[in-house]
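Visitor: Turn this into a model:
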Amino acid sequence: MAEFQRAARRSALTSDYALAPAMGVNRSTISRVLTGELRPGAAFIAGALAAFAPIEVRFEDLFEVESNWPTS
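Guide: Got it, this is the predicted structure:
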């Protein structure tokens with residue numbers, strides 16, 4: 001989530017208090033995602049992309065897709 005935090009700084013959304021309304025999520029959700037307690041869901045991802053749109057951040061810049069498919 002280092003890229004996410006860099007994007008937040010570049011957007012001048014440097015606190016969870018500023019970031020939460022810009023993303024349309026609860027402040028606690030941001031904290032829980034950044035600490036790894038919660039995986040980012042659709043609302044979090046969409047909110048981040050909307051909040052960081054002015055600095056042209058893409059999904060690939062912020063998130064990594066993990067596969068849960070078995071490798072048999």
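Visitor: what's near enough to touch the residue nearest to Gly24 when sequence neighbours are not counted?
Guide: Excluding the flanking residues, the one nearest Gly24 by C-beta to C-beta, 6 or more residues apart in numbering is Gly47, at 4.7 Å. Using the backbone N, CA and C atoms, a C-beta is placed for each residue, glycine as well. By C-beta atoms under 8 Å, 6 or more residues apart in numbering, Gly47 lies in contact with Ala22, Met23, Gly24, Val25.
Visitor: in which helix or strand would I find Gly47?
Guide: Using DSSP states H and E, Gly47 sits within helix 42-51.
Visitor: burial measure for Arg6, as a count.
Guide: Here the number of neighbours of Arg6 (other C-beta atoms under 10 Å) works out to 14.
Visitor: and it, how far is that from Asn68?
Guide: 27 Å (C-beta to C-beta, to the nearest Å).
Visitor: repeat for Arg10
Guide: Counting by C-beta to C-beta - Arg10 and Asn68 are separated by 31 Å.
Visitor: Ok, Arg9 next?
Guide: For Arg9, the distance to Asn68 equals 31 Å [C-beta to C-beta].
Visitor: between those two, who's got more neighbours?
Guide: Arg9 (9 against 4).
Visitor: For that one, give me its contacts.
Guide: Contacts of Arg9 (C-beta under 8 Å, 6+ apart): none.
Visitor: pLDDT weak spots in this structure?
Guide: For the chain, applying pLDDT under 70 flags the ranges 71-72.
Visitor: And the helices in it, which stretches?
Guide: Taking DSSP state H as the criterion, the chain contains helices spanning 2-10, 16-23, 27-34, 42-51, 59-62.
Visitor: Which positions within the third one qualify as buried?
Guide: Buried residues in helix 27-34, defined by neighbour count with 16 or more other C-beta atoms under 10 Å: Thr29, Ile30, Val33, Leu34.
Visitor: what's the answer for stretch 9-19, then?
Guide: Result for stretch 9-19 [16+ other C-beta under 10 Å]: buried residues Ser11, Leu13, Asp16, Leu19.
Visitor: Can you give the distance of that stretch from its chain's centre?
Guide: The chain centre lies 11 Å from the centre of stretch 9-19; the measure is C-alpha atoms, centre = their mean, to the nearest Å.
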